[in-house]
Every structure is written in C-alpha cells, then in structure tokens.
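Trainee: I'd like to go over a predicted model; first the sequence, then the structure.
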Amino acid sequence: MAKSNCDSSFGNHLDSGDSLTNNHSQTQLIKHRVEEREGEIGSEDSSLPSKDKKLRERDVWSGKFDFLLACCGTAVGLGNVWRFPYLCYKNGGGAFLIPYLIVVIISGVPIFFLEVAIGQFTKLGAIKSWTSLCPLISGIGIASAVIVFYTLCYYAVILAWALFYLFQSFRAELPWANCNNTWNDPIKCQDNLTYVRSLNMTEEQRRENFTFPVEEYWENYVLKITDGIEDLGGLRWELAGVLLLAWIVCYLTVFQGTKSTGKAMYFTATFPYVMLIILLIRGVTLPGAWKGIQFYITPNITKLGEPEVWIDAGTQVFFSYSLCIGVLVSLGSFNAYNNNCLRDTVIIAAVNSGTSILAGFAIFAALGFMASEQGVAVKDVAEKGPGLAFIAYPKEVLLLPVSQLWSCLFFIMIFLLGISTLLTDTLALITSLGDLYPTLFRGGKYRKLISMAVGCFACYLVGLSMVTRGGMYILQLFDFYGASGFTLLWTATWQCVAIGWFYGDQKFYDVIEDMIGYRPGPYFRICWKYLAPLLNVAILVFNIIKYEPLTYNKTYHYPMWGHVLGWGLALSSILMIPARAIYILCKAKGNTWREKFDNACKPTISKAHGGGCAITEVDDDDEEAKIAMNEETSSDGSAPPPYPSLDMKQDIETSI
C-alpha cells in the first residue's frame, strides 16, 4: 500500500464544499480527529510521529545561488590547481585534454547529474537515498560515507600545512630563503643557484649532491619526517595546533547547516578566483613564462595510446568533480523539488573544467619563470600535489620582489580552495548521519551542535596521526588507497547499474521530468546504462593492471604490512556494496531466491506527485510504518476513515 506525504486527497476533500463556513462542523470533527490521533500515537509509541513533531525541519538552501556555489566549492578544489596541470604536462600536454574531455562527457557530467537529481528527488543524504531507490545495492551510500570520512581526515591536514606556511609568510624573511637555519644540512644545502647552474649537472646528479633550502624546510622542519612508517616519531605540535584551527573554522561554518555553509560559500568559493587571476596576471608577465605555457599546451598525440593517460584522466575527473563520495547527493537534497538541476549541472561542469585549464596556465607560467631563472628544463621543476604547493611555488616566490606578499596570496588561495571542499564534505557526512539518526541531529536544542562537534573532533583525532613526524606516510595511505581511483570507479559503476538496470532509466527520467518540467534527451540514460559503466570498468581494469606499490618520493618503499593497511582502507568501502547486497538479499521476503531478489530490488519510494510529495511504499505487515503514515487497520480488517496528516493541523486551525 502507499500513502502520499502531502495528503492531496484530503486537501481536495476540504475544497469540495461551497464554503468553509457550511462545513464548519466537519472541520471541527477533523480537528478533533487530529488531536485524538496525536494522543493515540503518543500513548502507543513515543518514537513515532508525536516525537517526530519535535524534530526541526530538514535544512534547505536559503539563497538562490547557495547550491551552485556549494557545488563549485566542493568540485573546484586543490586537485584543479596542483594535480590537473601536472597531469597535462605528464600525459602529452594539450593532448591530455582529449581523454579528459571524453571522460567528462561520458562519465563525469552524467554521474554528476545523476547524484544531484537523486538527492533532489529523495530529499535524503547518500545512505538513505540509495536505500530508498534500490535496497539491494544500498551499500553504495555506506561506501560513499566511508570514502568521504577518509577524505575529511587527510584533507584537513593539507589545510593545516597551508595555514602553517601562511603564518610563516609574515616573517621579515621567509624561513626557506637560505641555508642558515638549524634544520639545514651544512654540507648538501645550497642556496646559490648560480653556482649550481655552473656545475652543469643533470637534475638527478643535482639531487644526489645538493638540496635547496625550500626542500629542507619542507622535510626537515615542517614535517621533520622520519625514515619510514615504522617510526612515527612524536607529534608536530605546531601542525597539531593549526590542524585544530582548521577544524574549528570548519565547525563554526557548518554548525548551522545550509544556512551558514551557503553564506560562507559566497566567499570561500569565489575569492580563490581573485587570487588565481592575480597569480596568472603576474605569472605571464615574468621572463620565461611563455616557455612554461608552451610546455603545458604543446600536444603529444603519441601519448594517447598509453593506458596511463586514460587512467589519469578518469581519476582526475572523479576527484575534481567530487563524484561518488555522497557530497552531491546531500547538496542536491537541500534543493527545491522543482529546481532545474540539469541546468545547474552544465554550469558547474563548465566552471570546474574551465578552472582546471585556467589554473594550468597560472601554474606553468610560474614554473617557466622558475626554470628560466635556474637554467633548467621545465620538466625538472614541474611537481604535483604537495610537491607543487609546498616546494615548487615557495621556491618561485623567492625569485619575486616582495616575496612575502606573493607567498601570502598563494597560501590564502590554497586554504580557501581546500576549506570550501572540507565544508561541503563535512556537511555531506553530517547529512547522511542525520537522516539515519534524526533525533540526534534534528531533535533537541543542542543535540546537533554537540553531535557535529563530536564528529569534527573524531576526524581531528584521526588526523593527529598524520601530523606526527611519520604522518606523511599515513596520509599517503589514506590518499592512495582510502579515497583512491579504485574505490571511486567501483562505486560509480554500481551507481550507474543501480539506476540504469535496477531502478530503471526510463523510470528515473519520469522523475526528472516531474522535477524540472521537461524530459532530457536520451544522452544521459544511455550514458548511465551503457557508456559510463563500460568506461569506468575499463579504467578500473587498467588501474589494476598498471598498479604499482605506493612509494614516498620515489625512494622509500612501504613494508608489506603498510600495503595491507592501505588495502584494508580501500576494501572497507569496496566491500560495503556486495556485503550489504548479501545481507539485504538474505533478509528479503520470498520463498525462493528469485522472489527474494525481486523484493530486494523494489524501491521504497516511487515517482513524486504534486511538486515533491513522494509516495512511500510500505509493507502490509509493517504496522508501525502504517501508524507513522497516519493509517491503521481496524480489528475487523476494514480500513477506518483516513486521518489527516498531523502537520496540517496548524493550517486547519487557521482556517477555522
């Protein structure tokens, strides 16, 4: 049986008389039934609707552009600045845009649209939304929650590094400018670039015989890194302090839900573009900048035949678009039911990919200048990830006048790019948990504040392991395994299968048409059902075939137990999908396995009617669910006259 949450039939019944005055006695009876029903439910089960009345309403976006900016904030992050440009250089320059755009068109944009539409339709976070659409594969939501938790733990540490460098940039002299510090190696450290160039060494020979002060500052002072994961050393208390500061900023921004997070995005999602444009303008005016830009965009078509290029393109799209970690589902769930999520998807995709390409020009203009000043090739100064943010660019600012200013601008940009992603990821995880435990997150005056504080502090405690002296080795395990391309591609494939084959692509198109007012062309459903799963599986297989054990700095090899720990992080999300499927299948009703399978695939939410009043299907034996939906069965088996929805009581009283 099914019951509409908006009770449209009851609304029509109220409108059927000539006037409300002529039906005054009927309305009084209705009011009496509402009050009577409240008393019955309160006496039968305090966990049912009488208690739910005390729950705060679910969050919604308070502004028209909040959703767009939040999606831009989560999608446009550090990967656009420090990973995409390096991958372009590594994989054939401008030729890399070909596989990148193919993955964006076939997999990235369709899955982005899919996740946003699911959230907007179900009004639920990642975990419960997939449970309502396809219970058999509801492990997708749990896997997404696990991945986003791992991401939060290590992403905040990167922000802590950025804050640390930002604070150090206010010194009269940047601490990585010379070799006259206690952490410098008196023999190998060399800050005289002219002398190093005169030796006519290759980059490999230079690395063996010399180190630059910026490299020693990063490893010997900031990280104080040990020889391996076997020796974690002690805490880096300065980093532990700025890590706590990052989480305090995060908590104070998201503790009011969409209201505070949406407003914060007007700054955190837009101001990095100001910084990026300033750095771009300054970069292209430097001598040697065109050398770096040319290196960035010159295509090498022969690279397209290498599997690694397609692997890098696929993983970059999934990372930069924040796919399969539940964030987009949660952000979409705060939308109005009739929001045009397809239009928003196109806008955000254009902004995301455009930012990546723009950042490439800014970064490689700077690298071209640095290569020109050092008398080496651009490839010798090109770095990715932390190497770009905390070694290559700090090295470049030393060559600029007023280096402290440019250092501050760069690390402000890095922090804002990261904090916007941290905010939305935190909001997504809280949303998923809040839907599972509504009384904990939406009940009581201070429960949500306390619950969110506990969650942020838990992530902080995990992050403390990454700000020990050996913490970099742990962070790499979380990055390489816990939130890796393996886990994202696996989850994305099952998302497409769940909608394209289990829920039904045409059925989901009906939902989209009901939400946005028109039916999209066949492009998205073809991608969901055929193209995206095939492409994702192909890239995943290439990933497995080309898998190489994780190393640090291409010199340190992890012990076997380190790799086992890493694969444990990866499998903790990967196995959620089959494990949950087996559990649901065993618990499903039916006398045969085929009946169990069919019942396990049935959605518990169907096409919405009347602007988002979703119809929930309830099992005939579930008496508690019937009561929760204001229906019950009388002792003689006949259905009594339906009670109006309790949340209509105030409207009825106003009418009276």
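Mentor: Looks like it arrived, so ask away. Residues are numbered from 1 along each chain as shown.
Trainee: just say helix, strand or coil for the residue lying closest to Gly500 once chain neighbours are set aside.
Mentor: Of all residues not flanking Gly500 in the chain, Lys529 sits nearest, at 3.4 Å (C-beta to C-beta, 6 or more residues apart in numbering). Just so you know, the C-beta spots here come from the backbone N, C-alpha and C atoms, and that holds for glycine as well. Look at Lys529: counting by DSSP: H, G, I helix; E, B strand; the rest coil, its state is helix.
Trainee: ranges for the helices of the stretch 451-600 of the chain?
Mentor: 471-477, 485-497, 505-516, 523-526, 532-545, 560-574, 576-587, 593-601 (DSSP state H, counting those that start in this stretch).
Trainee: coming back round to it: any idea how many residues pack against the residue nearest to Gly500?
Mentor: Using other C-beta atoms under 10 Å, Lys529 has 19 other residues around it.
Trainee: over to Ser260?
Mentor: 16.
Trainee: look up phi and psi at Leu235.
Mentor: phi -70, psi 140 (degrees, to the nearest 10).
Trainee: and the residue nearest to Gly500, what pLDDT?
Mentor: Note on Lys529: pLDDT of 95.
Trainee: which ones are touching it?
Mentor: 496, 500-501, 505 (C-beta atoms under 8 Å, 6 or more residues apart in numbering).
Trainee: now, of those, which are buried?
Mentor: When the contacts of Lys529 are checked for burial by 16 or more other C-beta atoms under 10 Å, the buried set is 496, 500, 505.
Trainee: skipping adjacent residues, who's closest to the last one in space?
Mentor: Using C-beta to C-beta, 6+ apart and skipping residues adjacent in sequence, the residue nearest Asp505 is Arg525, 3.9 Å away.
Trainee: what is the burial count for that neighbour?
Mentor: 20.
Trainee: again, but for Gly517
Mentor: Neighbour tally, Gly517, other C-beta under 10 Å: 9.
Trainee: give me the nearest residue to it, chain neighbours excluded.
Mentor: Asn338 (7.0 Å).
Trainee: picking that back up, so which of the contacts of Lys529 comes closest to Ala240?
Mentor: Lowest distance from Ala240 to those (C-beta to C-beta) belongs to Cys496, with 41.3 Å.
Trainee: can you tell me which residues contact the closest one?
Mentor: 111, 114, 527-529, 532-533, 536.
Trainee: ok, the buried ones among the contacts of Lys529 vs Phe415, which is closest?
Mentor: Distances from Phe415 to the buried ones among the contacts of Lys529, taken by C-beta to C-beta, are shortest for Cys496, at 34.9 Å.
Trainee: ok, that closest one to Phe390 distance?
Mentor: The spacing between Cys496 and Phe390, counted by C-beta to C-beta, to the nearest Å, is 37 Å.
Trainee: would you agree Cys527 is in contact with Pro110?
Mentor: Yes - under the contact definition of C-beta atoms under 8 Å, Cys527 touches Pro110, with a separation of 3.9 Å.
Trainee: for those two, indicate the residue with more neighbours.
Mentor: Cys527 (25 against 21).
Trainee: could you double-check that Val327 sits in contact with Leu422?
Mentor: No - between Val327 and Leu422 there is no contact under C-beta under 8 Å: 11.0 Å.
Trainee: who's more crowded, the two?
Mentor: The neighbour comparison of Val327 against Leu422 (other C-beta under 10 Å) goes to Val327, with 32 against 27.
Trainee: fine by me, thanks again.
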